[in-house]
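*Asks:* model this:
(2 chains)
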Amino acid sequence: MSEDASNAVGDYKYGFHDPENATIRFDKGLTEQVVRDISELKNEPEWMTEIRVKAYHHFMDRPMPNWGNCSMLDSIDFDNVTYFLRSSEQTEKNWDDVPDDIKNTFDRLGIPEAEQKWLGGVTAQYESEAVYHSIREDLEEQGVIFLDMDSGLKEYPELVKKYFCTVVPYADNKFSALNTAVWSGGSFIYVPKGVHVEMPVQAYFRINAKNMGQFVRTLIIADEGSSIHYVEGCTAPTYSTDSLHSAVVELIAMDGAKIRYSTVQNWSANVYNLVTKRGIAHKNAVVEWVDGNIGSKLTMKYPAVILKGEGSHAEIISVAYAGEGQHQDAGAKVHHLASNTTSNILSKSISKNGGRSSYRGLLKVNPKAHGCRSKVVCDALMLDEDSRSDTYPTMEVSNSSADLEHEASVSKISGDQLFYLMSRGFSEEEAMGLIVNGFFEPFTRELPMEYAVELNKLLELEMEGAIG
Amino acid sequence: MSYLELPIPNRSEHLWRYTPWSKVHPTQVDAVPEINSANVMFNGELVDAITNVAEISKTDISRAFLVESNSYIHNITIDDSNANSEIEVITDGEMNSCNLHFEVKNSGSIRVRLSGESKWFGISITGNLHGNVNLSFAIVNDLSKNTTMLRCEDWDIARDSTLEYGELSMGGGRIKSDIRTYLKGTNSTLMQNIAVNCRDSRIDDHHIEIHHLSGHSNSSLTVKSACSDKGHAIGTGLLIIEENCDKSDAGQVFKNLLLSEKARAEAIPELEVLSDDVSAAHGAASSSVDLEQIHYMMTRGFSRDDAQTEIVEGFLISSFAKTKNEYAKEFLIKALSTNQNEWE
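*Replies:* All right, here's what the predicted structure looks like:
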């Protein structure tokens, strides 16, 4: 690891990387030909190529956002990004068939162990495409489709065509256009009517190559009365140059369905994480985003829910940790389009060593949406004087029967709490770690046990050296 | 930069998201018409404006426009001789504007009433609170309902000084107010309470910025809006606590009461905190009138409409409950009650 990289990423424990053994690697830079080549390489139907090309032109024409951390955004060099890299000829169903170097990487990340213990299915994506994929037989027998997105398009083209880009249109924003143009990998899930997937399914995304762009596309459809919990984890090695992760996630919860989407993002501190995540909840459906942002250089991610059906509900829990050189610009958006819809948003952030965390939210109530209820709570902790915390909430209410609340606070760790713990034998660092874990507790308790334990360990690691 | 050199803001800019600049400019956006000063009465006497020589920041389009379109200013000094002052600004004609500057050397109160019939009215208010003074500033917007108003205010508060700010906004058809306060000295304090009543198709867009530039500075902001008919209230707050401003204490609350199906309200209370040892909080709430309160009033003989009117009046008046200066408090409450009675 170079000295610059070491400085940039500190103690990041997933910062190792393997030698690049790409079977196909595109030249850096983005042109229409690159977009067409990706589509051709994947033998995609014509309609998908057309969407990709349209999205490419929209991406090129659309200016960069003029809000958020503009200086960081402007430093992204789109010409220095590799837009497609294939590491393995095919997606394996047997862990032993995965190429050794990639297998070792995921072994070190604990993926196969987790699968055996507590997962209903796993997709492991390395660079642009999935290298391993499996689903429990009993789920498959019940008709649950859990594939990587490329296989989903091949095997269920009509289903993908019906829902692709319906929740996040390619012209939604500059980065959704980029993703639509060059997407590769991600997950495709369909849960049939009335099926409850009891064990979470997981996707694990890994960037290994330098200056890599990973453009994951995920589409989850939960049919009437069904439910699923999808868990996503992300890591990357540490280089002195930057990588780009620009994903789009579309969730569709039909009448009475429930989708929970949990993410623990722990990209190394040289990754731009610019993600569009949105779900639609039909009548009495529930969409939940549980979103943890620990790593990356700049994250811009605002999980959204469109409450389209009467009685639908959105739950968004988001935590962010911004350390040195990091800006976590995260938040949540809820559109109440139908009557008697409800939403809860809880956002917690910590800034340390000059890090910056921002909450950016939108709560919108349609004129015809009667009896809507929503509550937003944002809490921010600042651990030193070099850090920064911002809150940018927006409430737009066009119906008089709506009941909306928003509250936010920014503070430092209470001296009383520190004193209490230290008087019982904890060092200052340990006490601070305990308080931070407690601060994030509403988030960690919503995660599967193994993730929660891992997150606590990560936070402890991040908190090392927080004192003095 | 002059007005014509500044870019015309678009709706992607936070400040102009809900009220485009073209809607509050009196003519075409690429013009700077010469606008006459409104009549200003100071403690009952008409006062003349003088040529404006003060240097005013022209990085903001509203401020640049107001200063360039009217090169006159009314300078008012608050000292021993006029501790409790009353100012009446009366507008007429097609376009009118007014630049007011307050140099506050002693504690006291200023009550400002805006009235008149002009179609467009622009007002720029600047205030400089010297060290160790307490000023209670109360402003009532009672303009004709056909008036479009563009208002900018900039207040500097020095060490150990307090600005108690009360506003009642109920006049005009379309209002764009941009109020910025700079807490420049240690132990400087701002207590800002704003009540907005949007009836008919009145649109009231308030942008309130509070900048903590010194440690041990305090601010509190409460904005209460009641919207009925097709009324539309917008409240955007930006609270900035700069670096090295430890021990600052800041809070913002936005409350909206929606009284009809077509009423709308937007609340965007923003926080930017760059110091760690501070207390900063904000909150926003939006709802309709509590049916239990209506029921309570109706069981005591009020009609449903009267009960709602009383509740709304109470909601708005409560904005000024903590106003310490009795002159200012009475001025604001009386103006609201009179307006409510006229409306009935």
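
*Asks:* CA atoms for contacts and neighbours, from now on please.
*Replies:* Fine.

*Asks:* okay, helices next: where are they in the stretch 151-300 of chain B?
*Replies:* Using DSSP state H, counting those that start in this stretch, the helices of the stretch 151-300 of chain B run over B:291-298.

*Asks:* so where do the strands sit in it?
*Replies:* B:162-169, B:174-183, B:189-198, B:203-212, B:218-227, B:232-241, B:249-258, B:264-273, B:279-287 (DSSP state E, counting those that start in this stretch).

*Asks:* could these go into JSON lines alongside mean neighbour count, distance to residue B:65 and mean pLDDT?
*Replies:* Output for these, formatted as JSON lines (neighbours: other C-alpha atoms under 10 Å in any protein chain shown; distance: least, C-alpha to C-alpha, whole Å; pLDDT from 0 to 100):
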{"stretch": "strand B:162-169", "mean neighbour count": "24", "distance to residue B:65": "22", "mean pLDDT": "97"}
{"stretch": "strand B:174-183", "mean neighbour count": "23", "distance to residue B:65": "13", "mean pLDDT": "97"}
{"stretch": "strand B:189-198", "mean neighbour count": "24", "distance to residue B:65": "25", "mean pLDDT": "96"}
{"stretch": "strand B:203-212", "mean neighbour count": "24", "distance to residue B:65": "17", "mean pLDDT": "96"}
{"stretch": "strand B:218-227", "mean neighbour count": "24", "distance to residue B:65": "27", "mean pLDDT": "96"}
{"stretch": "strand B:232-241", "mean neighbour count": "26", "distance to residue B:65": "21", "mean pLDDT": "94"}
{"stretch": "strand B:249-258", "mean neighbour count": "24", "distance to residue B:65": "29", "mean pLDDT": "93"}
{"stretch": "strand B:264-273", "mean neighbour count": "26", "distance to residue B:65": "25", "mean pLDDT": "91"}
{"stretch": "strand B:279-287", "mean neighbour count": "24", "distance to residue B:65": "32", "mean pLDDT": "89"}
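
*Asks:* would you turn the ones you listed into TSV with distance to residue A:148?
*Replies:* Converted to TSV, these look like this (distance: least, C-alpha to C-alpha, whole Å):
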stretch	distance to residue A:148
strand B:162-169	57
strand B:174-183	51
strand B:189-198	53
strand B:203-212	48
strand B:218-227	50
strand B:232-241	44
strand B:249-258	46
strand B:264-273	40
strand B:279-287	42
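
*Asks:* between the ones you listed, which one is nearest to residue A:205?
*Replies:* Ranking these by proximity to residue A:205 (C-alpha to C-alpha) places strand B:264-273 first, at 32.9 Å.

*Asks:* what residues does chain B have near chain A?
*Replies:* Within reach of chain A by C-alpha under 8 Å from any C-alpha of the partner chain, chain B has these residues: B:12, B:243-244, B:257-288.

*Asks:* which phi and psi does residue 79 have?
*Replies:* Using chain A here. Here is the backbone geometry of residue A:79 (degrees, to the nearest 10): phi -80, psi -10.

*Asks:* shaky segments in the stretch 351-468 of chain A?
*Replies:* A:449-451, A:454-468 (pLDDT under 70).

*Asks:* all helices of it, in order?
*Replies:* Going by DSSP H, counting those that start in this stretch, the stretch 351-468 of chain A shows helices at A:415-422, A:428-439, A:441-444, A:449-463.

*Asks:* dump the second one to PDB, restricted to CA.
*Replies:* In this case it means helix A:428-439. Extracted in PDB, the C-alpha atoms of helix A:428-439 (Å, rounded to 0.1, in the frame of the first residue of the first chain):
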ATOM      1  CA  GLU A 428     -11.800   7.500  28.200                       C
ATOM      2  CA  GLU A 429     -11.500   5.700  24.900                       C
ATOM      3  CA  GLU A 430     -13.500   2.700  26.000                       C
ATOM      4  CA  ALA A 431     -16.200   4.900  27.500                       C
ATOM      5  CA  MET A 432     -16.500   6.900  24.300                       C
ATOM      6  CA  GLY A 433     -16.700   3.700  22.300                       C
ATOM      7  CA  LEU A 434     -19.500   2.400  24.600                       C
ATOM      8  CA  ILE A 435     -21.400   5.700  24.200                       C
ATOM      9  CA  VAL A 436     -21.000   5.600  20.400                       C
ATOM     10  CA  ASN A 437     -22.300   2.000  20.300                       C
ATOM     11  CA  GLY A 438     -25.200   3.000  22.400                       C
ATOM     12  CA  PHE A 439     -25.900   6.000  20.200                       C
END
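
*Asks:* report the angle between that helix and helix A:415-422.
*Replies:* Here the directions of helix A:428-439 and helix A:415-422 differ by 120 degrees (axes from the mean of the first three to the mean of the last three C-alpha atoms, to 10 degrees).

*Asks:* which positions within helix A:428-439 qualify as buried?
*Replies:* Buried residues in helix A:428-439, counted by 16 or more other C-alpha atoms under 10 Å in any protein chain shown: A:428-437, A:439.

*Asks:* try the third one
*Replies:* Neighbour-count burial for helix A:441-444, with 16+ other C-alpha under 10 Å as criterion, is recorded at A:442-444.

*Asks:* surely residue B:22 is in contact with residue B:31?
*Replies:* No. Counting by C-alpha atoms under 8 Å, residue B:22 sits too far from residue B:31 to count as a contact (11.1 Å).

*Asks:* joint contacts of the two?
*Replies:* The contact sets of residue B:22 and residue B:31 do not overlap (C-alpha atoms under 8 Å, 6 or more residues apart in numbering or on different chains).

*Asks:* returning to what we had before: dump the buried residues of helix A:441-444 into a markdown table; add distance to chain B as well.
*Replies:* Output for those, formatted as a markdown table (distance: C-alpha to the nearest C-alpha, whole Å):
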| residue | distance to chain B |
| --- | --- |
| A:442 | 20 |
| A:443 | 21 |
| A:444 | 24 |
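
*Asks:* give me the phi and psi for residue A:352.
*Replies:* phi -140, psi 150.
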